[in-house]
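Engineer: Sequence and predicted structure below; questions after.
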Amino acid sequence: MKTDVIINREALYALRELPSESVNCCVTSPPYYGLRDYGLDAQIGREDTPEQYIDRLVEVFRELRRVLKDLSLIHISEPTRHAQIS
């Protein structure tokens, strides 16, 4: 497997292609709930409820845990403001 690779694609699909315990570091900024529409069918952040959004993130981070090595690093950037939900 190559080293020092940046993977920029839909997270869940990309993670499923990686071998277990093969990643040393992950830096991610998940799409924020209800703040942006990237025009993609299955995008994270456009779910009907905050609970569905969290469920999607949990699915991604479970897969991320599978691919991370024991002594690895993850940095997650999340917003400091919340979406207005009507």
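Structural biologist: Received it, and whenever you're ready, just let me know what you need.
Engineer: Just give me the longest helix of the chain.
Structural biologist: helix 50-67 (DSSP state H).
Engineer: Can you point out the buried residues in it?
Structural biologist: Tyr53, Arg56, Leu57, Val60, Phe61, Glu63, Leu64, Val67 (16 or more other Cβ atoms under 10 Å). Placement of C-beta: from N, CA and C, glycine included.
Engineer: Next SSE downstream of it?
Structural biologist: strand 68-76 (DSSP states H and E).
Engineer: Next, the angle from that next one to helix 50-67.
Structural biologist: Angle between the axes of strand 68-76 and helix 50-67 is 140 degrees (criterion: axes from the mean of the first three to the mean of the last three Cα atoms, to 10 degrees).
Engineer: in this structure, which segments are predicted with low confidence?
Structural biologist: Within the chain, the ranges that satisfy pLDDT under 70 run 1, 79-86.
Engineer: Name the SS class of Asn24, please.
Structural biologist: The three-state label given to Asn24 by DSSP: H, G, I helix; E, B strand; the rest coil is strand.
Engineer: roughly how far apart are it and Arg46?
Structural biologist: Asn24 sits 31 Å away from Arg46, taking Cβ to Cβ, to the nearest Å as the criterion.
Engineer: Looking at these two, which is more packed in?
Structural biologist: Arg46 (19 against 12; other Cβ atoms under 10 Å).
Engineer: what sits against that one?
Structural biologist: Pro31, Gly34, Asp37 (Cβ atoms under 8 Å, 6 or more residues apart in numbering).
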